[in-house]
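# Requesting a structural model of the entry that follows:
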Amino acid sequence: MYDNLKKALSKRGISNKDLAEFLGVDIKTIQNRFSGKCDWDIKEVFQITKFLLPEYRLEWLFATDAA
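Numbers count the residues shown, from 1 in each chain. As a prediction, the model looks like this:
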């Protein structure tokens, strides 16, 4: 899930560990978000789209099927 987000983060050289540190959560939380075990928090979504990946549209980044 979230293949677009994974690709965009990878393109920037941002690992799951980096993302977890940026968001102030545990690495397991990030793994659970990417696997779909739990939903992304709206604050996390806005932090990612505003500060880490502002060149991408939120709808594209968080699409559950790669587009």
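
# Now tell me what touches the strand or helix carrying Phe22 from outside.
Assessed by DSSP states H and E, Phe22 sits inside helix 16-23. Under the criterion CB atoms under 8 Å, 6 or more residues apart in numbering, residues 9, 14, 26-27, 29-31, 34, 44, 47-48, 51-52 lie in contact with helix 16-23. From N, CA and C alone the C-beta is placed, and that goes for glycine too.

# quick one: the helices in the chain?
3-11, 16-23, 27-35, 42-47, 58-61 (DSSP state H).

# Would you mind measuring from the residue nearest to Ser35 when sequence neighbours are not counted to Gly24?
In space, and not counting its chain neighbours, Ser35 is closest to Met1: 6.6 Å by CB to CB, 6 or more residues apart in numbering. Per CB to CB, to the nearest Å, Met1 is found 22 Å from Gly24.

# If you count surrounding residues, which of the two has more?
Per other CB atoms under 10 Å, whichever of Met1 and Gly24 has more neighbours is Met1, with 15 against 10.

# That one touches Phe34, doesn't it?
Yes: between Met1 and Phe34 there is a contact under CB atoms under 8 Å: 6.2 Å.

# wait, what's in contact with the residue nearest to Phe34 when sequence neighbours are not counted?
For Phe34, ignoring the flanking residues on the chain, the nearest one in space by CB to CB, 6+ apart is Tyr2 at 5.4 Å. Going by CB under 8 Å, 6+ apart, Tyr2 touches 33-34, 61-64.

# Quick one: buried ones out of those?
The neighbour-count test (16 or more other CB atoms under 10 Å) marks 33-34, 61-62 as buried among the contacts of Tyr2.

# Could you save these as a markdown table and add columns showing pLDDT and distance to Leu19?
Output for the buried ones among the contacts of Tyr2, formatted as a markdown table (pLDDT from 0 to 100; distance: CB to CB, whole Å):
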| residue | pLDDT | distance to Leu19 |
| --- | --- | --- |
| Arg33 | 97 | 9 |
| Phe34 | 96 | 9 |
| Leu61 | 96 | 12 |
| Phe62 | 95 | 13 |
